[in-house]
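Asks: need coordinates for the following:
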Amino acid sequence: MTDQEYLGMIEKLEYILDRKFHGTTAEEKAIYYYFYDYLWLNEDLRLGRYNFHADFISKFLKSLKPYQGKLYRGGYFLLEDLEDNYKIGSEVIWHGFTSASLSEDVAKSFANKADKAGNNFVKTLFLFDSKNAKPVFNLHPLIIGDAKECIFDRDSKFLISDRTSENGLLEIYMKEV
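Replies: The predicted structure follows:
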């Protein structure tokens, strides 16, 4: 990490702590941790390892009003995993915290990175019918950027309602249950 990146992170953390948005200091630090170390955090949760930050993040998310409506998440995934785990009518539980965007274009930009991932990966767009995702994009643009991001709490459950594939993009429709 460069000195400039480090100073930028400190500036963002100071903003969170000074603003006192919604949560306790512990919750605020935990949500900051999510934004900058979510890969490690979610890996712990997927592997069933306890991560004390997760409790604070969940508590903070519960304090926010839910977003109800359409959300999008793009990425690239192994075709075998998608075929095995995302069949129409099945339910899936995502053990990690999951971000999704109000913008389909933003989500598709993540899916389009599949070209760099190799032949076994499929461009995938998850289309969510959300009941409880929490909008975090209004906390501060320095923290979130322009992704119009909402976060599903850990252990969110979804019903696979449809799957379509067009122009090399697999679309998986998921209803939060």
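Asks: in the protein, where is pLDDT below threshold?
Replies: Within the chain, the segments meeting pLDDT under 70 span 1-3, 5-33, 36, 114-118, 139-146.
Asks: show me the helices in it, by range?
Replies: Along the chain, the segments classed as helices by DSSP state H run 3-19, 25-46, 52-62, 79-85, 104-111, 141-144.
Asks: what packs against the fifth one?
Replies: Which is helix 104-111. Under the contact definition 3 or more Cβ pairs under 8 Å, 6 or more residues apart in numbering; DSSP states H and E, helix 104-111 sits against strand 67-78, strand 121-135. All C-beta spots, glycine's among them, are computed from the backbone N, C-alpha and C.
Asks: could you dump those into JSON lines and include mean neighbour count and distance to residue 174?
Replies: Putting the helices and strands packed on helix 104-111 into JSON lines (neighbours: other Cβ atoms under 10 Å; distance: least, Cβ to Cβ, whole Å) gives the following:
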{"stretch": "strand 67-78", "mean neighbour count": "19", "distance to residue 174": "9"}
{"stretch": "strand 121-135", "mean neighbour count": "20", "distance to residue 174": "5"}
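Asks: looking at those, spot the one closest to residue 52.
Replies: Comparison of the helices and strands packed on helix 104-111 against residue 52 by Cβ to Cβ identifies strand 121-135 as nearest, at 20.0 Å.
Asks: ok, back up a step: and of the helices and strands packed on helix 104-111, who's closest to residue 61?
Replies: Per Cβ to Cβ, nearest to residue 61 of the helices and strands packed on helix 104-111: strand 121-135, 4.6 Å.
Asks: quick check: angle from that closest one to strand 67-78?
Replies: Orientation check (axes from the mean of the first three to the mean of the last three Cα atoms, to 10 degrees): strand 121-135 against strand 67-78 gives 160 degrees.
Asks: packing partners for strand 121-135?
Replies: Here strand 121-135 touches strand 67-78, helix 79-85, strand 98-101, helix 104-111, strand 149-152, strand 156-166, strand 169-176, going by 3+ Cβ pairs under 8 Å, 6+ apart.
Asks: from residue 4, how far off is residue 86?
Replies: Using Cβ to Cβ, to the nearest Å, one obtains 41 Å as the distance from residue 86 to residue 4.
Asks: these two: which is more packed in?
Replies: When residue 86 and residue 4 are compared for neighbours, residue 86 comes out ahead with 19 against 8, by other Cβ atoms under 10 Å.
Asks: doesn't residue 158 make contact with the more buried one?
Replies: No. If you go by Cβ atoms under 8 Å, residue 86 and residue 158 don't touch, sitting 9.4 Å apart.
Asks: overlap in contacts of those two?
Replies: Overlap of the contact sets of residue 86 and residue 158 (by Cβ atoms under 8 Å, 6 or more residues apart in numbering) consists of residue 92.
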